[in-house]
Each structure stands twice: as structure tokens, then as C-alpha cells.
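> can't give you the sequence, but here's the structure:
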Ligand SMILES: Nc1ncnc2c1ncn2[C@@H]1O[C@H](COP(=O)(O)OP(=O)(O)OP(=O)(O)O)[C@@H](O)[C@H]1O
């Protein structure tokens, strides 16, 4: 018995402990409250902080090769809230918020101030609500009216703040989008002051298979990213602030002990919820990829509508579109199903389970008299209950939003992956794969050293290739070492079998393909014009087609009028289309409004308008009649334009003085072209070929005649 009484604390001992606790309670309370705030911040930090991920190691490997994280068909992009995500996000953040004095930083500051102001108003409203109910319970008319008046007055800043918040958030999203779009556009079209940094859009489309649909990335994905980024700030910063402020107030009302217990319970169930949350970020990125693929298939269909219609390829194309659509729908359905059950679990835990915890907390001051607090009447108890309940609802909502912020964050990670993929791929095609220089000041030897054996480009009046290999982006060598030159007035004809590298030569000349070796000397890009077999016709007016890429201001600055343009069109016998199409300002989809031959003639008119030093003609007369072709060639030479022509038509030989002939096996001949002699030889060859075709028939006839003769002699 004696042992038992020493083990079990006596009533006096308990009373002593309670009194001691009541004495030190304010200190304990403060300690618990501070501890709680530290805990909330560290938990939030942990939930948002980078997780080590096996996939993050793929960051470096991704940069080296193609095909990973791609938006093309194949493996879904890898998305996680990990170190790689934060690394990518911080790069993008530096673009969208370039400095603390930028408009975006100001908007962010304004947003934060509004968020704090709203929380302060909510705290005031919670207390006011309690007071109103207490004055009702106590049947105090005047305090009730006064509190009601306060309620109406506080409604003014409350509604004002809410409207401002959504306005500033939308402005922020738009500002992010504008910054990002500007940056991406700058890289996509290149820096005009740096001739080695142009035409990223070409390289992205032709030389790298990681991005199939940059249009989707630059429009939809950047927009979604910006909206998510603007919202994530409110979704993370505001709830964290709310959790701290509401809980601080609650701990003063109900005691920090209950709050600590509540936090433990909430945290345990939150961990469970988090474990059950599906990877929504991965889903968002996959969804963007699949809708991009669908859009790409549709846009190809629209682009090649005529070809497909002639081939009767409707069934195949329909099957392709349906396949992409089915893939998208399957994915969306899967996500919907997961969202459904996740929504059930989420609401069950956040609304109902946490709600019951909250009711228990509200019950503490009602059922227990906390040490150091005064006894409450019915009105006081009601006021406390109403205020605490409001605070609890707000606090649990805030805790819930901190939790959901992980979901938002992983969706943001999805869009971050897409935007980062675009930026990283552009970096790759701009820098690593195309290190070349167009330097006019430094000597060639210096350039060669600088580029460590890579091929170089040098600005010059003439065109010259010196031991330049022609290599496709896939690494196939078409010609090991090509040397030729074109001097002004010495028109060059380029011939050879299909796929031997005739157009590739122009791609190197135009700076679209890298120079892997040797030296390329060439004039600046504005002294060239390319006319391909299917010329490019831009969006815009009829005038724009002739003067492209000039605008009307450039045309006027050159002193060219619409009458001059009409004369240019008259050279290619196209002047009638100005009237037919409704004047120079008529705008159409010119690819559909003009026939193939007319399109080629417009391209020649463009050449006559610009009068460049050199014209690159890649089967540029294949669709116009021979007499027109001759006239256009002659007019071009009269204007002093030197021609580099790819053509299979012997009728064009006579306009050229040099020839570059590929043999299709990697070899070539570069020599003077004696068109008359070559034509005579060609005609002789054709005549002989014709005669040789007759030989088998003649042989058969001879055999027949010999047989008849033999029969006659037997008779
Ligand atoms: N973007 C690209 N990526 C990879 N390979 C390419 C690319 N563009 C062209 N090629 C390849 O380079 C080779 C040469 O192409 P090119 O267009 O120079 O031929 P060409 O001599 O002009 O033929 P044609 O007379 O048929 O027009 C072809 O085998 C082609 O497949």
C-alpha cells in the first residue's frame, strides 16, 4: 500500500502541478505558439522543397541527346517537383521577373500586400461575427446595431480587396506571359545584330526532333504556365500566412495545447492524403503533349489538303487523327477517374474529419475552464464559439490549401517542363550544334584557330567554297570536300541526280546548315534571294507578296511606288492580277489564290524588285512556259543578278558560264560550261540513244528476214 501511494501522485500533488502550470502557462503558451509557427513554416518548406529524384540525374543526359522529355510521340515527359524542377523554374523566373524594379516585381508586391490585408480583414470579421451573435444571445439591441454597422462598413474594403486580388493576379499572369513570349520569340527568330544567331525556327523544325509542335508550346503551354505561376503564389503564400495568423489567434482563444493536438491530428491525416495523391503534374504535361500531337496532325491535314484530296487519303488521315484523339481521350478519362476518387478522399479528410477536430477544439473553453481565464456567461461562450469556429474554418481551409498547393505545384512542374524543354532545345540548336562565325574583321587563320578546326564562314563579295564537306543533319556525308566559286556575272549551273546535295549546298550558303569544315566565303544574307520550286507566299496583301520580306515602309524608303511594282509584274506578264484580285491591298491565302506557275512568276517579280547580287534558283522555272523562262532569265542578267541555278532543263544551259556537276556518288566536276558544245553533245547523245532503242527491233526483224530467206532456199 505504501509503495502504491508513493507511485500514485496524491490529489495535493496534482493540485500543486496544476497551480504551477497555471502560473507558468503564459510562458508555455508563448513557447508553443512560436514552436507552432516554426513548425508550419518548416512543414511548408519541406512540402515544397526539392525531393531527390532518380530522374533528376537525367537532366544532364537530356541536354546531350534528342528524344528525351520530348513532345513528340513516345515516352511521356518526366515531371516531378524535384531539384531539376526548381532549377528550371528559377531560370524561367529570372526571365519573367528580371529585376526588383520590374513591373512584375511591383505587381507581386501589390499582390502580397493585398493578401495580408485580406487576412487581417478576415480576422476582424471573425471577431465581429462572434460579437454580433453574443449581442443577440444577450438581447442587447444597441451593441447589435453598432456591430451590424461595423459589419457593413468592413464589407467595403473586403469586397474591394477581393476584386483587386483577382485583377492583380490576372495582370501578373499576363505580364509573365508577355515576358516569356518575348524571350522565346527573340530566340526563335534570332538576334538580328548577330548573323550567327538567326533562323532558330528553321533549325528547330528541321534539325532537331525533340519539339514537334513549337506553335502549341509558344501559345498554349506558355499561357498555362503563366496562369499557374501567378496562381501558385497566392496558393502557397496566402495559405501559409493564413495558417500562421489564424492559428495564432486561435491559440490565444482556446489555448495553444489544443492547437498542438489539432495540428498533430491534421498532420497525420495530411500525410495520408499526400501519399494517396496521384502525380497530377505528370498528367498535365502528358495532356499538353497529347493535345499538341492532335493539333499537329490536324494542321498537317489542312496544309496538305490538296495533295491528300487528290490521293484520296481521307481514310488514312481520318485514322491518324482519330488515333491521336483516342489517345488524348483515354488519357483524360484516366485523369478524370483519378481526380474523382481523389476528390472524395480529399473532401472526406479536409472537410469532414478536420471539421470534427475543429468542433472539439471549440468545445475546450466551453467544457473546461482554462487556467488563468475568467468564467464565461452564455453570451461570452457563444461569442467565443462563433469566433473560434470561424477562425477554425478559415484555418482548416488554409491548411487544406497548403496541402493542395502541392497539387498546383506539380501541375506547374508539368508546364515548367514544357517551357523549359522549348528553351533548352533552342539553346542547343543555337549554340552547341551551330558554333560558327561570320567574321569580316578577323583573318581567316585566326577564325580557324578560334573554331578549333570547324568550318568557317567569311564575308566576301564573291561566293567560294573551299574544301567544304556537305553533311546532312543526320551526319550523312553527301560530298566529302567541295570546292567551287561564283564570281559576279559568272552564272553557275548546278546539276546532278536526285538527293545528291544540290539544295543542301544552298542551305549551307544560307547559314541554315553548319559548315563542318573548310571555308565558305559569301556576301551577307541580304544580297541573296532564293526562289525554290514552291515559293513562299506570306500572309498579307498582294503588294506584300512582291516586296517580301520588306514592308510598305521599306518599299517607300527605297522610293518604289505601286506603279513601279506594276512594271515589275509586267515583266513576268502578271500585271492583270492587280485588277483581278482587287488592287494591291487585297489580302488572300495566296497559296490557294494563285496557280503554281503564277506563284513562281510572283517569286521572280520579287527577285526583280529586290535586285540582289545573287539569286539562287532551285527548279524555279519548272512550272512556267519555256519562252517566259528565257525572258525572266535574261531580265535577271540585265539587272546584274548573278544566278546559281539548279535545273534539269537543257534550255537553261545557255544562260550559264560555269557548271557544277555532282555524280551522285560523292564526287563532282566544277568547270566552264560551253553550253553550245554541251547542247550539241547532248543532242547527239539523245539521237544515239534513240537509235540504240531501235537496235533490238532491227535485230528481231533481221532474224525474221533470215528465217524467211532460209525457208525459200529449202523450197
Ligand atoms: N533536314 C534534313 N535532315 C536530314 N537530312 C536531310 C534534311 N534535308 C535534306 N536531307 C537529305 O539530304 C540529302 C540531299 O538533299 P537535297 O535536298 O540537297 O537533294 P537535291 O540534290 O536537291 O535533290 P533533288 O534534285 O531531288 O531536289 C537527301 O538525302 C535528303 O534526304
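Thanks, I have the structure now. Remember, predicted model here, so these are calculated numbers, not experimental data.
> look up how far residue 128 lies from residue 700.
Here residue 700 is placed at a distance of 113 Å from residue 128 (CB to CB, to the nearest Å). All C-beta atoms are positioned from the backbone trio N, CA, C, and that covers glycine.
> also residue 531?
Remark: distance between residue 531 and residue 128 (CB to CB) = 77 Å.
> compare these two and say which is more crowded by neighbours.
Applying other CB atoms under 10 Å to residue 531 and residue 128 shows that residue 531 carries more neighbours, namely 23 against 18.
> in the sheet, which residues pair with the more buried one? Tell me.
Applying DSSP bridges to residue 531 yields these beta-bridge partners: residue 617.
> surely it meets residue 618?
Yes - using CB atoms under 8 Å, residue 531 is in contact with residue 618, at 7.0 Å.
> got a list of what the residue nearest in space to the middle of the chain touches?
Closest residue to the average C-alpha location of the chain: residue 217 at 2.9 Å, with CA atoms, centre = their mean. Residue 217 makes contact with 71, 211, 292, 418, 419, 421, 422 under the criterion CB atoms under 8 Å, 6 or more residues apart in numbering.
> quick check, the second one in a helix?
No - the secondary structure assignment for residue 211 gives coil rather than a helix, going by DSSP: H, G, I helix; E, B strand; the rest coil.
> number of nearby residues for it?
Neighbourhood size, residue 211 [other CB under 10 Å]: 22.
> the last one too?
Around residue 422 there are 24 other residues, counting by other CB under 10 Å.
> skip the chain neighbours and tell me the closest residue to it.
residue 217 (4.7 Å; CB to CB, 6 or more residues apart in numbering).
> report pLDDT for the one you found.
At residue 217, the pLDDT value in this model is 87.
> going forward, begin numbering at 59 instead of 1
New numbering, starting at 59: the last item is residue 275.
> that one and residue 268: what is the separation?
Computed with CB to CB, the distance linking residue 275 and residue 268 is 11 Å.
> try residue 764
From residue 764 across to residue 268, the span is 70 Å (CB to CB).
> neighbour count for those two, which is higher?
Using other CB under 10 Å, the more surrounded residue of residue 764 and residue 268 is residue 268, with 20 against 10.
> what values do phi and psi take at the more buried one?
phi -70, psi -30 (degrees, to the nearest 10).
> make sure it is actually in contact with residue 483.
Yes - because the distance of 4.9 Å satisfies CB under 8 Å, residue 268 is recorded as touching residue 483.
> give me the number of residues near the closest residue to the ligand within the stretch 609-758 of the chain?
Going by CB to the nearest ligand atom, the ligand is nearest to residue 704 of the stretch 609-758 of the chain, at 6.6 Å. When neighbours are counted by other CB under 10 Å, residue 704 registers 22.
> residues contacting it?
Residue 704 sits in contact with 552, 553, 560, 561, 675, 676, 677, where contact means CB under 8 Å, 6+ apart.
> for the last one, give me its contacts.
Read it as residue 677. Residue 677 makes contact with 590, 591, 704, 705, 706, according to CB under 8 Å, 6+ apart.
> so which helix or strand takes in the residue of the stretch 359-508 of the chain found nearest the ligand?
Residue nearest to the ligand within the stretch 359-508 of the chain: residue 487 (12.1 Å; CB to the nearest ligand atom). Remark: residue 487 resides in helix 436-488, with elements defined by DSSP states H and E.
> so what's the gap between that helix and the chain middle?
25 Å (CA atoms, centre = their mean, to the nearest Å).
> let me see the mean pLDDT of that helix.
Regarding helix 436-488, the rounded mean pLDDT is 80.
> what of stretch 581-599?
On average, stretch 581-599 scores 86.
> what's downstream of the one helix or strand in the chain whose mean pLDDT sits lowest, the next helix or strand?
Using mean pLDDT, DSSP states H and E, helix 116-122 stands out as the lowest-scoring helix or strand of the chain, at a mean of 36. Sequence-wise, the next helix or strand downstream of helix 116-122 (DSSP H and E) is helix 141-154.
> list the helices and strands that following helix packs on?
Secondary-structure packing of helix 141-154 (3 or more CB pairs under 8 Å, 6 or more residues apart in numbering; DSSP states H and E): helix 199-247, helix 280-312, helix 436-488.
> tell me where the stretch 259-408 of the chain is predicted with low confidence.
Scanning the stretch 259-408 of the chain for pLDDT under 70 picks out 364.
> strands along that one, start to end?
Secondary structure of the stretch 259-408 of the chain (DSSP state E, counting those that start in this stretch): no strands located.
> can you list the residues of it near the ligand?
residue 264 (CB under 6 Å from any ligand atom).
> residue of the stretch 259-408 of the chain nearest the ligand, please.
For the stretch 259-408 of the chain, CB to the nearest ligand atom, closest residue to the ligand: residue 264, 4.1 Å.
> what about the closest residue to that residue other than its chain neighbours, distance to residue 572?
Residue nearest to residue 264 in three dimensions, not counting chain neighbours: residue 531, with 7.0 Å by CB to CB, 6+ apart. Noted for residue 531: a distance of 9 Å to residue 572, by CB to CB.
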